[in-house]
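*Asks:* predicted structure and sequence below. I'll ask about it afterward.
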Amino acid sequence: MTNACLPAGQLHNKTPIFISGVNETRAFQASLRAFCPDGLTAQLQSEKFMVVPSTADGFRAVVSALRPLDRKDGVSFHTFTLPEDRCERLLVNNLCRGMPESVVREELESLNICVQGITQLRSGRRDPDTAKNRPTTPHFIVSVARGPEVSKVRSLTELCGLRVSVESYLAPKFPLQCKRCQRFGHTQLNCGYAPRCVACVGSHLSGGCSTTRDQPVCCGGRNHTANYRGCVKWKETKAAIAKQASELSRKSVSTALPASS
């Protein structure tokens with residue numbers, strides 16, 4: 001039977017789950033196998049216990065089983081979104097700078113477009129007053145499921161009574177940073193680590209912090225937030241990503257070149 005004939009949940013999975021705080025790996029692996037009738041593979045990688053369930057259904061079952069264990073007995077995890085669950089992000093241009101994201105969502109949903117997320121882009125230029133947020137722009141990122149919803153958004157020429165244009169959103173090649181735990185390499189959607197505030201590094205979500213924007217305490221006591229692009233850690237991570245991309249590029253070129261006789 002080919003993959004094309006299999007139900008979506010039974011398709012072969014390659015997405016790993018990285019688990020921290022596992023002491024008895026053998027017993028822990030056995031407990032996870034109970035949620036994966038089709039099996040899973042496991043290995044230690046960079047002091048983390050990495051498991052790869054064999055199917056998409058197995059992956060979802062393991063993640064669901066891990067969430068209640070979130071930080072219990074020191075166990076925490078992160079993973080990535082399955083390819084079939086990833087959304088398409090489109091950029092809707094020329095709306096109002098002061099338009100709330102909720103208004104854009106409601107307008108799209110009134111057009112029978114199922115929206116997964118709306119994010120208004122902000123300017124890279126910061127206000128001289130550090131207590132203020134970066135200025136908003138008239139551009140909104142609209143996230144929808146891959147398939148018919150993408151065509152619906154792309155066909156829009158007017159939204160909220162304004163002429164708009166729609167294009168694919170190309171994210172800047174910056175380090176991927178989780179808004180929940182502030183670690184690099186994954187997003188809050190797939191994070192099972194303890195929350196860490198972006199402003200004060202306290203063990204709580206950033207939204208409930210009382211620290212003012214002009215008095216952040218982060219990164220060894222330095223007065224900047226954890227997502228500050230001038231941070232040493234941020235720059236090191238960006239440099240590592242650039243080095244990795246360069247190495248992959250060299251490998252692909254050397255593979256494509258014909259062998260000399």
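*Replies:* Thanks, I have the structure now. Residues are numbered from 1 along each chain as shown.
*Asks:* please enumerate the helices of the stretch 1-150 of the chain.
*Replies:* Taking DSSP state H, counting those that start in this stretch as the criterion, the stretch 1-150 of the chain carries its helices at 25-33, 56-66, 101-110, 148-154.
*Asks:* now do the contacts for Ile141.
*Replies:* Arg89, Leu90, Leu91, Val92, Gly117, Ile118, Thr119, Gln120, Leu121, Tyr169 (Cβ atoms under 8 Å, 6 or more residues apart in numbering). (Glycine included, C-beta is placed from N, CA and C.)
*Asks:* next step: these restricted to strands.
*Replies:* Of the positions in those, Arg89, Leu90, Leu91, Val92, Gly117, Ile118, Thr119, Gln120, Leu121 sit in strands, assigned by DSSP state E.
*Asks:* the first one is in contact with Ser143, isn't it?
*Replies:* Just to be clear, that refers to Arg89. Yes: counting by Cβ atoms under 8 Å, Ser143 is a contact partner of Arg89 at 5.1 Å.
*Asks:* low-confidence stretches in the stretch 1-150 of the chain?
*Replies:* Within the stretch 1-150 of the chain, the stretches with pLDDT under 70 are 1-9, 70-72, 124-133.
*Asks:* same thing but 80
*Replies:* In the predicted model of the stretch 1-150 of the chain, residues 1-11, 69-74, 124-134 satisfy pLDDT under 80.
*Asks:* can you pull the buried residues of stretch 191-210?
*Replies:* Cys191, Gly192, Tyr193, Pro195, Arg196, Cys197, Val198, Ala199, Cys200, Val201, Ser206, Cys209 (16 or more other Cβ atoms under 10 Å).
*Asks:* can you redo the residues you listed as CSV with pLDDT?
*Replies:* Below are these laid out as CSV (pLDDT from 0 to 100):
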residue, pLDDT
Cys191, 92
Gly192, 90
Tyr193, 89
Pro195, 89
Arg196, 88
Cys197, 88
Val198, 86
Ala199, 83
Cys200, 83
Val201, 80
Ser206, 83
Cys209, 81
